[in-house]
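1. with the input below, show me the fold.
(2 chains, ligands or ions: 1)
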Amino acid sequence: MKLTVWTYEGPPHVGAMRVATGMRDLHYVLHAPQGDTYADLLFTMIERRDHRPPVTYTTFQARDLGADTANLFKTAAQGAYDRFQPQAIIVGASCTAELIQDDPGGMAETMGLPIPTIPLELPSYQRKENFGADETFFQIVKTLARPMERTKQITANLIGPTALGFRHRDDIQEVTALLSDMGISVNVVAPMTSSPQDISKMGAAHFNVLMYPETAESAARWMEQELDQPYTKTVPIGVGATRDFINEVAKITGKDAYLDTSRLRLPWYSKSVDSTYLTGKRVFLFGDGTHVLAAARIAQDEMGFEVVGMGCYNREMARPVRAKAREMGIEATITDDYLEVERVIEALQPEMILGTQMERHIGKRLGIPCAVISAPVHVQDFPARYSPQMGIEGANVIFDTWVHPLVMGLEEHLLHMFREDFEFHDAAGPSHHGGHAPKPEDGGGPAPQPAASPRSLSGKMNEGSVIWLADAEKELKKIPFFVRGKARRNTEVFASERGVAEISVDTLYEAKAHYAR
Amino acid sequence: MTELPRLPTAGGCRETPILKQRGQREVFCGLTGIIWLHRKMQDAFFLVIGSRTCAHLLQSAAGVMIFAEPRFGTAILEETDLAGLADAQDELDKVVDELLARRPDIKQLFLVGSCPSEVIKLDLAKAAERMTQRHAPSVRVLNFSGSGIETTFTQGEDACLASMVPVLPKTDDRQLLLVGALPDVVEEQAIGLLEAMGIGPIKVLPAPRADSDLAVGPNTVYALTQPFLGDTHDALTRRGARHLPAPFPFGEEGTTQWLAAIAAEFGVSPDLFDQVTAAPSARARKAIAQAAEALNGKSIFFFPDSQLEIPLARFLTRECGMDAIEVGAPFIHKGIVGPDLDLLAEGPTISEGQDVDLQLDRAKTAKPDLTVCGLGLANPLEAEGLATKWAIELVFTPVHFYEQAGDLAGLFSRPIRRADLLKLEATE
Ligand code: SF4
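-> Next up, the predicted model:
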């Protein structure tokens, strides 16, 4: 038993729903109690979908247990087939149905429906949403895709995009354009946009572009084995990664590497003088493994930030994330415990968080600016405008998104000069944010007010044993909020390394001199 | 005294045959109630014993993660608990000990059953008893079910309040008990009106804190403020308290009738009643009239959701001039919504339970001007050109009594006004 407040991932059947809802002409019959229908709203509200997810829930009740939940399942499956006429159905159990052991897969097979019926085994008490999506897509591909003659022209399948994915809709368009510039067209995009019939034609492509390992790596490996299709290992998020991706595609296809950079603005924007203030900004990264790995490279190499911490919530990606962290000389936080992430952020006191909507809330409370880089998604992560993460436009979007929460270059200097000004005081936050500026707690810097929220589930807040003398504390408050956390932390580290128990104004400035770069 | 409501000449809906279909239901489970209950009871913690699905439901229904650490959480059952490798009761003790050690502000702990905990027959009543002894007197531990196999949406609140009734101290004092978790501002309005009539003492279930002096007994009379409190009603009746049936306090008419039932019980003079209610009821009528302009003559279709459907249909048809096509409710408890059914003119289909696909077919055929439904159905229906009102807003928003009557009508008129407002075509 594990106490959980907020979760980064839903149960595995929600992953299966993301696959089914992204596809066309597929139906999911889910053995589940009525309350589990809440999952529909994720798609209709968060993603603003204009159709119900193609899911029929059996909605068994207590009085059905012991009686005939199996028959209920069969009626629901037959009804779903009759009403929706799908090309294939997937069947499975939610956590509760798993316990009553009705074996929906077995039952569906005996019904003799005239369409492929794909049973899903998604262990609800061990695995989570991303596993559910990956496994579901894998089962669908395994059942429907067969080796076949290749298309004459070189084509690729784009695999991984699902409903409720972080910017999947726009990434598809961007990657399609990258390939098209190299003279490669797209055979099938799956699971999102494809029907079971499309899946059966996946074998015609020459290779697969694995867009999101979280949701399609098992399928990619299977297709490599069974359909003899290599798949790309680089996820084209960021300028460097996009260039690597193009080279990888060139190597796989024998085509010339070609990248149209006429619309690429990140490199110049990052070089232009206003961006000098980005130098060495201490950032913390958290999200799914794929987006965090991409963000680490962009943060360090393309924005000139200092990555002070990183981690992911999906254990499946722990290994590459740990390796990347080691390479950067930091320790990775692999956890799905939101409160643990919060503790790490409190301890590191970064100047900016690149995280999920959960970290955005942490940032709000701690007064640390945050940009969102990964699922779990929120209605804000489905903007009306085109805003991919991948490819050329993705890099531009990322530059804008990450800079947006920060105080702009010259503004930062003005803030220093006029920090006593009543309108220009540091708590006002970036001028372009109007009333929505992050609100640092008065005087405390990014450290939270313990009285306001009795949080921390199982650990203590990171509190150094050094004491701040009143004068030093006062001096610290004169430092603008967006560097105050860093100054506090550096000073404390400096003091404790030297065995100084009390921080005076002198200690503060000695530390400042020590860390000056 | 304010004139009695005119009963529908052709008869009300109390005896109308109820359409019952059995199929997929598109409703929340009772766990959802925790979202508003934990705000109402400030020293209570709701610990769901369930699965990742339960935790995800709470998170999704809460919409956004507003609170650093809300006063609810899920003890997620793991393989070891299910395989019997770990004694689930021991595990639960561990989780609760840890929780209470960390949150000394918690005075009431609710162990909330879910589908998984019920299927594996985890005895939470036994656990609650054991923990109450262990943590007495500082924490009281109770249990109720919010599972989807036992409860639908607002029934979770009912189960929670019902679980509190047996442990209330006994009193022989004459008192009025208001039952239902309302936003504070609304609750204060109701109490203000009743006190102005000289009625008292007035108590509220749920009390904001465990250490309140709430008690119950044979001289207690109670009024429900929400129509979904069937089990709580039965539990209070078992404690000897007496129910004051009335239409629910939605709209001017509903509020007046609800107050009148209480006033009659306490022997309030008609003059005093009019004196207290005249101004706010006039205000309410005016506010409703404004919002109702957009609603007059429009048709409405209710999917089952919160059990508020019948009282709301009564309000919308009688005070806002709407025509009800279908009024669906997850359950119909005639002992509670009977007075509302009496006032609801015969005509609409009254349905209980759901086969969502068949009901969607009916809605699409009827093409109502407004459809009240859950979040899963709203956008798909909008995409087909039907204006919708999310039902969940009705339990989250202050909508009871006079001062909110206009807001209540506004919740329904806004989608219709909006549909008229948007102009996205070229001018030529
Ligand atoms: S329906 Fe049951 S399993 Fe699903 S969220 Fe509700 S209590 Fe949990």
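
2. how are the strands of chain B distributed by residue range?
-> Counting by DSSP state E, chain B has strands at residues B:19-20, B:44-50, B:72-76, B:108-113, B:140-145, B:175-179, B:202-205, B:220-224, B:242-243, B:299-302, B:323-329, B:349-352, B:370-373, B:388-390.

3. what does the stretch 201-350 of chain A give?
-> Using DSSP state E, counting those that start in this stretch, the strands of the stretch 201-350 of chain A run over A:207-210, A:282-287, A:306-312, A:332-334.

4. let's have these in JSON lines, adding mean neighbour count and distance to the ligand.
-> Just so you know, the C-beta spots here come from the backbone N, C-alpha and C atoms, and that holds for glycine as well. Listed next are the strands of the stretch 201-350 of chain A as JSON lines, based on neighbours: other Cβ atoms under 10 Å in any protein chain shown; distance: least, Cβ to the nearest ligand atom, whole Å:
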{"stretch": "strand A:207-210", "mean neighbour count": "26", "distance to the ligand": "33"}
{"stretch": "strand A:282-287", "mean neighbour count": "28", "distance to the ligand": "25"}
{"stretch": "strand A:306-312", "mean neighbour count": "23", "distance to the ligand": "26"}
{"stretch": "strand A:332-334", "mean neighbour count": "21", "distance to the ligand": "27"}
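
5. get me the contact residues on chain A for the ligand.
-> Contacts of chain A with the ligand, taken as Cβ under 6 Å from any ligand atom, map to A:33, A:35-36, A:95-96.

6. state the pair within those residues that is farthest apart.
-> Farthest pair in these (Cβ to Cβ) is A:35 and A:95. Separation: 11.1 Å.

7. alpha carbons of stretch A:196-208, as CSV, please.
-> The C-alpha trace of stretch A:196-208 is given here as CSV (Å, rounded to 0.1, in the frame of the first residue of the first chain):
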residue,chain,number,x,y,z
PRO,A,196,-6.9,-0.9,-38.1
GLN,A,197,-6.7,-1.2,-41.9
ASP,A,198,-3.9,1.4,-42.0
ILE,A,199,-2.0,-0.6,-39.3
SER,A,200,-2.2,-3.7,-41.6
LYS,A,201,-0.3,-1.6,-44.2
MET,A,202,2.6,-0.5,-41.9
GLY,A,203,4.8,-3.2,-43.4
ALA,A,204,5.0,-1.3,-46.7
ALA,A,205,7.2,1.5,-45.1
HIS,A,206,11.0,1.3,-45.3
PHE,A,207,11.6,2.4,-41.8
ASN,A,208,9.9,3.7,-38.6
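
8. what's the mean pLDDT across that stretch?
-> Regarding stretch A:196-208, the rounded mean pLDDT is 98.

9. which residues touch the closest residue to residue A:115 other than its chain neighbours?
-> Nearest non-adjacent residue to residue A:115, counting by Cβ to Cβ, 6 or more residues apart in numbering or on different chains: residue A:88, 5.3 Å away. Contact analysis of residue A:88 by Cβ atoms under 8 Å, 6 or more residues apart in numbering or on different chains lists A:25-27, A:115-118, A:140, A:143-144, A:196.

10. that older thread, okay, the strands of the stretch 201-350 of chain A in JSON lines with distance to residue A:158 next?
-> Shown next, in JSON lines, are those (distance: least, Cβ to Cβ, whole Å):
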{"stretch": "strand A:207-210", "distance to residue A:158": "5"}
{"stretch": "strand A:282-287", "distance to residue A:158": "21"}
{"stretch": "strand A:306-312", "distance to residue A:158": "23"}
{"stretch": "strand A:332-334", "distance to residue A:158": "28"}
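
11. look up how far residue A:46 lies from residue B:59.
-> Computed as Cβ to Cβ, to the nearest Å, the residue B:59 to residue A:46 distance reads 12 Å.

12. related to what we said a few turns ago, which one of the residues of chain A next to the ligand has the most neighbours?
-> In terms of neighbours by other Cβ atoms under 10 Å in any protein chain shown, those top out with residue A:35 at 33 neighbours.

13. pLDDT below threshold where in the chain?
-> Using chain A. Flagging of chain A using pLDDT under 70 yields the residue ranges A:407-464, A:480-482, A:517.

14. chain B is the one I meant
-> In chain B, residues with pLDDT under 70: B:1-5, B:63-69, B:85.

15. in it, what residue is nearest chain A?
-> residue B:29 (2.5 Å; Cβ to the nearest Cβ).

16. rewinding a little: out of the contacts of residue A:88, which end up buried?
-> For those, a burial check counting by 16 or more other Cβ atoms under 10 Å in any protein chain shown picks out A:25-27, A:116-118, A:140, A:143-144, A:196.

17. just the ones in strands from those residues, please.
-> Among those, the members falling in strands (DSSP E) are A:26-27, A:117-118.

18. for chain B, tell me which of those residues show up nearby.
-> Among these, none lies close to chain B by the criterion of Cβ under 8 Å from any Cβ of the partner chain.

19. dump the residues you listed into CSV; add distance to residue A:181 as well.
-> Shown next, in CSV, are those (distance: Cβ to Cβ, whole Å):
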residue, distance to residue A:181
A:26, 32
A:27, 37
A:117, 41
A:118, 36
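
20. just to revisit the earlier point, count of neighbours near the residue of chain B closest to chain A?
-> As a burial measure, residue B:29 scores 30 neighbours (other Cβ under 10 Å).

21. turn the strands of chain B into a markdown table, including distance to residue A:41 and mean neighbour count.
-> As requested, those are exported to a markdown table (distance: least, Cβ to Cβ, whole Å; neighbours: other Cβ atoms under 10 Å in any protein chain shown):
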| stretch | distance to residue A:41 | mean neighbour count |
| --- | --- | --- |
| strand B:19-20 | 26 | 14 |
| strand B:44-50 | 19 | 26 |
| strand B:72-76 | 19 | 25 |
| strand B:108-113 | 21 | 26 |
| strand B:140-145 | 23 | 24 |
| strand B:175-179 | 29 | 21 |
| strand B:202-205 | 30 | 20 |
| strand B:220-224 | 28 | 23 |
| strand B:242-243 | 35 | 16 |
| strand B:299-302 | 18 | 25 |
| strand B:323-329 | 18 | 24 |
| strand B:349-352 | 22 | 21 |
| strand B:370-373 | 11 | 27 |
| strand B:388-390 | 9 | 21 |
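
22. ok, the residue in the stretch 51-200 of chain A positioned nearest to the ligand - contacts?
-> In the stretch 51-200 of chain A, the residue that lies nearest the ligand is residue A:96 (4.8 Å; Cβ to the nearest ligand atom). The contact partners of residue A:96, by Cβ under 8 Å, 6+ apart, come to A:32-33, A:36, B:51, B:53, B:115-116, B:119, B:148-149.

23. can stretch B:28-40 be found next to the ligand?
-> Yes: under the criterion of Cβ under 6 Å from any ligand atom, the ligand is reached by stretch B:28-40 at B:29, B:31.

24. ends of that stretch, how far apart?
-> With Cα to Cα, to the nearest Å applied, stretch B:28-40 spans 20 Å between its terminal residues.

25. go through the residues of chain A next to the ligand and name the one nearest residue A:75.
-> Nearest to residue A:75, judged by Cβ to Cβ, of these is residue A:33 at 15.9 Å.

26. right, I'll call it a day here.
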